[in-house]
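A.B. asks: Here is my input, please return the structure:
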Amino acid sequence: MNNTTNDMTSNTTSTTGSGLLAGKVAFVTGAGRGIGAAAARLFAGEGARVLLAARTEGQLKAVAEEVRAGGGSAEYVVCDLADPVSVRAAVERCVEVYGRLDVAFNNGATGQSPGPMDQLSGTDFDHVYAVNVKGPWLAMAAQVAAMRATSGRGAIVNTSSVGALMANPQLPAYGAAKRALNSLTASAAATYGPEGIRVNAVAPGTTLTEMLLEWDERSPGTIEQLNSRTPLGRAADPREIAEAAAWLLSDRASYVTGTVLAVDGGMLA
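C.D. replies: As a prediction, the model looks like this:
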């Protein structure tokens, strides 16, 4: 695992203020693009000091620099969610840099080639599960340990999908993995609630991420078809998903745990 640290003297965010996450240290996976990058910008804007994690250093560096340019505090670490050592080291790096961990957004994920389940290779199936189920499991275990040792309480949000809440014939392994993540989320909420650690998930609907745009490029009309099934009639901007995650991580959601919050424009209504 590679990591990078920058001079902390010029980018420390005040722990006072009225932001939704003011005074908190936030760890975000998948932070190089899409929902994760939007969350990094939003969380910092809401007063958090953020540690960004993803596989691609160039993307992480760009997002961190953007956050700092806006007056926020951001550091980053290169992390592969399929590598247990890398995941644990990334969480440990957050504590090393900021001295604590208050909230975590486990957003990093990998997709699959769209198509029926019999056309997906065993290797690809295993990779989907390694990143989308085992990765968050490893991350939550490390995050709980860090919260216990530093802040003494905290909140975690995992990124699920509306595809985990219904049949998903074009993305069957992805949908199944996200449904497994919902179960892990509920189990973690029940296990760690007595310690003051809340665990929830957001389930985005059609969201204009790179993953979706790549799918639409391979199968033109995909976004249009999904929008036709959405009462609001459009796809979400990644920031709209990040807004829901920020609320769940904040003290304003202090009595919310074990829930999977659909942020889907009404697709499941």
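A.B. asks: now the strands for the chain?
C.D. replies: 3-4, 25-29, 49-54, 73-78, 103-106, 154-159, 197-204, 260-263 (DSSP state E).
A.B. asks: relative orientation of the fourth one and strand 49-54 in degrees?
C.D. replies: If I follow you right, that is strand 73-78. Per axes from the mean of the first three to the mean of the last three C-alpha atoms, to 10 degrees, the angle that strand 73-78 makes with strand 49-54 is 20 degrees.
A.B. asks: For strand 73-78, output the C-alpha coordinates as CSV.
C.D. replies: What follows is strand 73-78, C-alpha atoms only, in CSV (Å, rounded to 0.1, in the frame of the first residue of the first chain):
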residue,chain,number,x,y,z
SER,A,73,-8.9,19.7,5.6
ALA,A,74,-8.1,16.6,3.6
GLU,A,75,-5.4,13.9,3.4
TYR,A,76,-5.4,10.7,1.4
VAL,A,77,-4.2,7.1,1.4
VAL,A,78,-4.1,4.7,-1.5
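A.B. asks: Now it: average pLDDT?
C.D. replies: Averaging pLDDT along strand 73-78 gives 96.
A.B. asks: what about the helices in the stretch 151-269 of the chain?
C.D. replies: 172-192, 210-218, 222-228, 238-249 (DSSP state H, counting those that start in this stretch).
A.B. asks: mind checking how far Ser219 is from Leu268?
C.D. replies: Counting by C-beta to C-beta, to the nearest Å, the separation of Ser219 from Leu268 is 22 Å. All C-beta spots, glycine's among them, are computed from the backbone N, C-alpha and C.
A.B. asks: can you pull the contacts of Ile241?
C.D. replies: 35, 38-39, 159, 202, 204, 207, 263 (C-beta atoms under 8 Å, 6 or more residues apart in numbering).
A.B. asks: any idea how far Val157 is from it?
C.D. replies: Note on Ile241: its distance to Val157, by C-beta to C-beta, is 10 Å.
A.B. asks: Name the residues contacting each of these two.
C.D. replies: Common neighbours of Ile241 and Val157, using C-beta under 8 Å, 6+ apart, are Val202.
A.B. asks: Can you give me the pLDDT of the residue located most distally from the centre of the chain?
C.D. replies: Farthest-out residue of the chain from its mean C-alpha position, per C-alpha atoms, centre = their mean: Asp118, at 28.9 Å. Asp118 is assigned a predicted lDDT (pLDDT) of 93.
A.B. asks: now do the one 3 residues further on
C.D. replies: Per-residue pLDDT puts Ser121 at 94.
A.B. asks: cool, and Ser183?
C.D. replies: As predicted, Ser183 sits at a pLDDT of 98.
A.B. asks: residue ranges for the helices of the stretch 1-150 of the chain, please.
C.D. replies: Counting by DSSP H, counting those that start in this stretch, the stretch 1-150 of the chain has helices at residues 34-45, 57-69, 84-98, 122-129, 135-149.
A.B. asks: Return the most buried member of those.
C.D. replies: helix 34-45 (a mean of 27; mean count of other C-beta atoms under 10 Å).
A.B. asks: how much space is there between the residue lying closest to Gly32 once chain neighbours are set aside and Leu20?
C.D. replies: Using C-beta to C-beta, 6 or more residues apart in numbering and skipping the chain neighbours, the partner closest in space to Gly32 is Gln59 (3.1 Å). Relative to Leu20, Gln59 is positioned 25 Å away (criterion: C-beta to C-beta).
A.B. asks: contacting residues around Ala189?
C.D. replies: If you count contacts by C-beta under 8 Å, 6+ apart, Ala189 has them with 198-200, 257-258.
A.B. asks: what do you get for Ala236?
C.D. replies: Per C-beta under 8 Å, 6+ apart, neighbours of Ala236: 204-208, 263-265.
A.B. asks: Make TSV from these and add distance to Pro169 and neighbour count to it.
C.D. replies: Formatted as TSV, the contacts of Ala236 follow (distance: C-beta to C-beta, whole Å; neighbours: other C-beta atoms under 10 Å):
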residue	distance to Pro169	neighbour count
Pro204	19	29
Gly205	17	24
Thr206	16	22
Thr207	20	24
Leu208	22	17
Val263	22	21
Asp264	18	25
Gly265	21	23
